[in-house]
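J.: Need the 3D shape of this:
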Amino acid sequence: MKPLQKVCLLLSVSTFCLSCQQASVESPQPIAPLPSAHQLAWHQMESYAFIHFGLNTFTDKEWGYGDSPAALFNPTNLDCEQWARTVKAAGMKGIILTAKHHDGFCLWPTMLTDYCIRNTPYKEGKGDLVGELRTACDKYGLKLGLYLSPWDRNTALYGTPDYVTYYHQQIEELTTRYGELFEFWLDGANGGDGYYGGARETRSIDRRTYYGYPTIFTHILRNQPQAIIFSDGGPGCRWVGNERGIASATNWAFLRAEEVYPGYDHAETLPVGHPDGTAWIPAECDVSVRPGWFYHESEDEKVKSVEQLVDLYYRSVGRNANLILNFPIDKSGRIHPIDSAHVVECRQIIERELAHDLLLKAQCTASNSRGGCFKATATNDGDPESYWATEDEVTEAEITFSFPKQKVNRLLLQEYIALGQRVREFCVEYAHGGNWIAIDAGEETTTIGYKRILRFPAIETDSLRIRILQSRACPCISNIAAYYGGEGSDNRYVDKREKLHSAPFTLTAESDRLIMELEKVQQVNALHYQPQSDGQGVITHYELYGGESIETATTLIKSGEFSNIVNNPITQTLRFTPVKAKVLVLKAVQMAKSGEEAKASQLAIEVK
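T.: I've put the predicted structure just below:
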């Protein structure tokens with residue numbers, strides 16, 4: 001497959017104008033919004049790793065409250081080079097580290113707070129995990145990015161103007177001490193309950209204005225001009241709107257930049273983007289190789305299968321997005337061998353399925369071209385500096401490839417996005433029995449962007465035709481390639497929700513509570529809560545009560561929050577000292593959507 005051009009927009013346009021002068025053919029005019037040179041380089045990376053590691057690793061939590069002692073951070077065999085070797089073997093181009101998660105614990109030896117790696121047993125307080133990862137990335141030819149949570153549940157300053165100053169100082173340290181960063185990650189989780197220096201209360205902030213994001217963006221780019229800034233609304237790249245690692249089949253690299261901000265209230269619009277967007281802010285798909293983002297031993301048997309990881313690649317990178325795949329580092333300080341084995345095998349399968357381009361040097365004709373170096377043959381000539389373009393007024397066109405008859409079940413398309421994203425709709429057809437038959441890829445064939453890969457049941461043909469049905473301006477297609485993935489590559493991963501196993505009980509739902517009555521009094525030691533996948537009735541904060549009857553089920557067993565359950569609706573497990581009970585009551589203290597009744601996709605009770 002052909003990588004995107006590495007030149008910036010002005011150089012690209014001038015180069016093509018010069019090369020086509022003899023034929024008196026001008027290159028197409030750019031159509032805004034346009035990517036920067038740094039964004040073009042980011043697109044080319046395609047996939048990279050996320051690393052979640054910190055106090056949560058040692059407390060078995062997803063979102064730490066901010067009150068866990070720093071001394072709990074004590075990895076016994078930490079090896080950043082093992083992380084880098086794994087990421088390199090998986091074909092990824094970089095690593096983004098959670099330098100500070102919501103609990104406020106810092107993985108670098110900052111002097112801005114005592115809640116950091118300086119006050120841990122690791123290397124007797126002389127460790128610097130950000131610096132150690134920087135060294136490992138340099139050794140293995142990987143780029144480094146950093147995640148710095150705006151929300152901080154540890155410090156008493158949070159919610160005051162002084163915290164904003166503190167947060168900006170943290171940004172200054174991270175963007176000036178550790179060399180070049182390819183991406184800086186700003187999470188959208190902001191405000192809520194926390195330790196806050198011992199106050200143990202709920203604090204709310206205005207997500208749009210509190211942190212001073214315009215100043216933050218300027219600050220980061222002043223120190224790291226090449227860095228792509230991630231948030232719900234960019235400005236470098238955007239959240240895809242879910243934590244499942246899946247982009248929409250229709251995926252515009254645009255947003256109305258003045259409207260979207262970190263913690264944006266309308267995340268449902270982010271998978272598609274804004275077709276009328278004013279700024280180039282492409283999608284990034286974040287997903288963990290395990291159900292959770294941090295390591296939990298209980299998830300060792302729940303690592304995503306190789307088949308699921310392959311599917312995620314096609315539904316992220318293959319849909320005009322970048323993929324950031326998370327590795328939860330275990331308590332020893334290493335990537336678990338199951339995780340690394342699955343991800344490396346996934347990469348091997350993808351490389352095998354996309355190894356032999358069947359269209360390379362195939363005969364190629366188009367219904368229209370602007371001539372010169374913009375002919376149809378530019379799509380399969382192996383030259384990364386070429387593209388097919390039609391005449392300015394032509395926004396519907398077709399291109400046909402002829403080759404010796406063979407099996408095909410993958411098609412890759414790329415637009416020359418240095419001149420803008422253009423295609424609104426297309427279709428793919430193959431020749432069969434003297435007719436053109438439409439290929440059903442199981443998803444809409446609308447946008448293309450940097451890269452679109454279609455999968456479909458294997459066909460046998462000697463001709464393929466791609467028809468551009470709608471385009472914002474004359475289409476500019478950089479690359480078209482076809483593949484046969486081999487035996488078994490027609491099989492698609494089918495996502496099935498985990499089936500929970502439970503002692504038998506009857507369920508009664510009453511507005512803000514779910515009442516579970518077992519067949520008899522038993523020793524109960526855990527409750528599993530799986531939220532509905534449609535986002536309805538999701539409990540975020542809970543109280544769990546137990547008793548030997550409905551009337552006496554008033555003993556508080558456990559209370560707390562289901563961390564990150566809205567964005568990552570996985571099964572939540574509440575474990576507790578065994579209690580004798582026949583009835584459990586899960587009470588919703590807070591709902592994801594105020595006013596909704598509490599619901600569950602599945603509930604399961606563990607008994608001893």
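J.: need the contact list for the residue nearest to residue 474 when sequence neighbours are not counted.
T.: The shortest distance from residue 474 to any non-neighbouring residue, by CB to CB, 6 or more residues apart in numbering, is to residue 390 (4.5 Å). Backbone N, C-alpha and C define where each C-beta goes, glycine included. Counting by CB atoms under 8 Å, 6 or more residues apart in numbering, residue 390 touches 366, 368-370, 397, 474-475.
J.: shaky segments in the chain?
T.: 1-23, 497 (pLDDT under 70).
J.: What about the contacts of residue 390, which one has the most neighbours?
T.: Counting neighbours by other CB atoms under 10 Å, residue 475 leads these with 28 neighbours.
J.: rewinding a little: relative to residue 340, which of the contacts of residue 390 is nearest.
T.: residue 475 (41.0 Å; CB to CB).
J.: With residue 503 as the reference, measure out to the nearest residue to the closest one once chain neighbours are set aside.
T.: Spatial nearest neighbour of residue 475, chain neighbours left out: residue 468 (4.8 Å); criterion: CB to CB, 6+ apart. To residue 503, residue 468 is 58 Å away according to CB to CB, to the nearest Å.
J.: Between the two, which is the more surrounded one?
T.: The neighbour comparison of residue 468 against residue 503 (other CB under 10 Å) goes to residue 468, with 25 against 14.
J.: The more buried one - that's part of a helix, no?
T.: No: using DSSP: H, G, I helix; E, B strand; the rest coil, the assignment for residue 468 is strand, not a helix.
J.: So what sits opposite it in the bridge?
T.: residue 397, residue 426 (DSSP bridges).
J.: same deal with residue 574?
T.: residue 527.
J.: That one is in contact with residue 559, isn't it?
T.: No: counting by CB atoms under 8 Å, residue 574 stays clear of residue 559, with 9.6 Å between them.
J.: what's the overlap in contacts for the two?
T.: 542, 544.
J.: sorry, back to before: how about the residue nearest to residue 475, what does it touch?
T.: Contacts of residue 468 by CB under 8 Å, 6+ apart are 395-399, 423, 425-426, 475, 477.
J.: Top of those by number of neighbours, please.
T.: residue 475 (28 neighbours).
J.: Pretty sure that one sits against residue 415.
T.: Yes: with contact defined as CB under 8 Å, residue 475 reaches residue 415; the gap is 7.5 Å.
J.: overlap in contacts of those two?
T.: By CB under 8 Å, 6+ apart, the residues touching both residue 475 and residue 415 are 422-423.
J.: so what's residue 234 closest to, chain neighbours aside?
T.: That would be residue 281: by CB to CB, 6+ apart, it lies 3.7 Å from residue 234.
J.: ok, so what distance separates that neighbour from residue 274?
T.: Applying CB to CB to residue 281 and residue 274 gives a distance of 9 Å.
J.: The two: who's more crowded?
T.: residue 281 (31 against 19).
J.: mind listing what that one touches?
T.: Counted by CB under 8 Å, 6+ apart, residue 281 has contacts 233-238, 253-255, 257, 260, 273.
J.: again with residue 530
T.: 497-498, 500, 569-572, 600-603.
J.: one more time with 10 Å, if that's ok
T.: 497-500, 565, 569-573, 600-604 (CB atoms under 10 Å, 6 or more residues apart in numbering).
J.: what's the most distant pair in those?
T.: 499 and 565, at 19.2 Å, using CB to CB across the contacts of residue 530.
J.: Surely residue 338 is in a strand?
T.: No: assessed with three-state DSSP, residue 338 is helix; it does not lie in a strand.
J.: burial measure for it, as a count.
T.: The burial count for residue 338: 15, using other CB under 10 Å.
J.: Verify the contact between it and residue 297 for me.
T.: No: using CB atoms under 10 Å, residue 338 and residue 297 do not qualify as a contacting pair, with a distance of 11.6 Å.
J.: Now do the helices for this protein: every range, in order, please.
T.: 9-19, 37-45, 55-59, 80-89, 129-139, 161-177, 213-223, 306-314, 337-353 (DSSP state H).
J.: how about those in CSV, adding distance to residue 544?
T.: CSV is the format used below for the helices of the chain (distance: least, CB to CB, whole Å):
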stretch, distance to residue 544
helix 9-19, 57
helix 37-45, 44
helix 55-59, 19
helix 80-89, 37
helix 129-139, 36
helix 161-177, 33
helix 213-223, 38
helix 306-314, 31
helix 337-353, 31
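J.: Using the record, which stretches count as separate domains in this structure?
T.: Here the domain assignment for the chain is 49-353, 356-483, 505-607, based on automatic domain parsing.
J.: Kindly check the end-to-end length of the first one for me.
T.: Domain 49-353 has an end-to-end distance of 22 Å (criterion: CA to CA, to the nearest Å).
J.: what does stretch 254-273 give?
T.: OK, stretch 254-273 end separation, CA to CA: 6 Å.
J.: how about stretch 434-454: buried residues?
T.: 439, 441, 445-454 (16 or more other CB atoms under 10 Å).
J.: Redo those as a markdown table? Include distance to residue 48.
T.: Below are these laid out as a markdown table (distance: CB to CB, whole Å):
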| residue | distance to residue 48 |
| --- | --- |
| 439 | 31 |
| 441 | 26 |
| 445 | 27 |
| 446 | 26 |
| 447 | 23 |
| 448 | 22 |
| 449 | 18 |
| 450 | 15 |
| 451 | 15 |
| 452 | 20 |
| 453 | 18 |
| 454 | 24 |
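J.: Tell me which of these fall in strands.
T.: Members of those lying in strands (criterion: DSSP state E): 452-454.
J.: and of these, the nearest to residue 304?
T.: Nearest member of those to residue 304, counting by CB to CB, is residue 453, at 19.4 Å.
J.: my guess is that closest one meets residue 411, correct?
T.: Yes: shown here, residue 453 and residue 411 form a contact pair, counting by CB under 10 Å, at 7.2 Å.
J.: Return every residue with contacts to both of those two.
T.: What both residue 453 and residue 411 touch, as defined by CB under 10 Å, 6+ apart, is the set 441, 481, 483.
J.: any chance of the residues you listed in TSV, plus distance to residue 95?
T.: Below are the shared contacts of residue 453 and residue 411 laid out as TSV (distance: CB to CB, whole Å):
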residue	distance to residue 95
441	32
481	29
483	29
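J.: For the residue most central in space within the chain, which residues count as its bridge partners?
T.: The chain has residue 286 as the residue nearest its centroid, 1.5 Å off, counting by CA atoms, centre = their mean. Counting by DSSP bridges, residue 286 forms beta bridges with residue 324.
J.: List the contacts of it.
T.: 50, 96, 185, 187, 230, 239-240, 242-245, 293, 316, 322-326, 567-568.
J.: at 7 Å instead, please
T.: With contacts defined as CB atoms under 7 Å, 6 or more residues apart in numbering, residue 286 is in contact with 50, 243, 245, 324, 326.
J.: Tell me how many other residues crowd the fourth one.
T.: The burial metric for residue 324, expressed as a neighbour count using other CB under 10 Å, is 28.
J.: From one end of stretch 355-364 to the other, what's the distance?
T.: Stretch 355-364 end-to-end distance (CA to CA) = 21 Å.
J.: swap in stretch 97-116?
T.: For stretch 97-116, the end-to-end distance is 15 Å (CA to CA).
J.: Among the domains of the chain, which comes closest to residue 25?
T.: domain 356-483 (3.1 Å).
J.: which residues does residue 63 contact?
T.: 102, 563-564 are the contacts of residue 63 under CB under 7 Å, 6+ apart.
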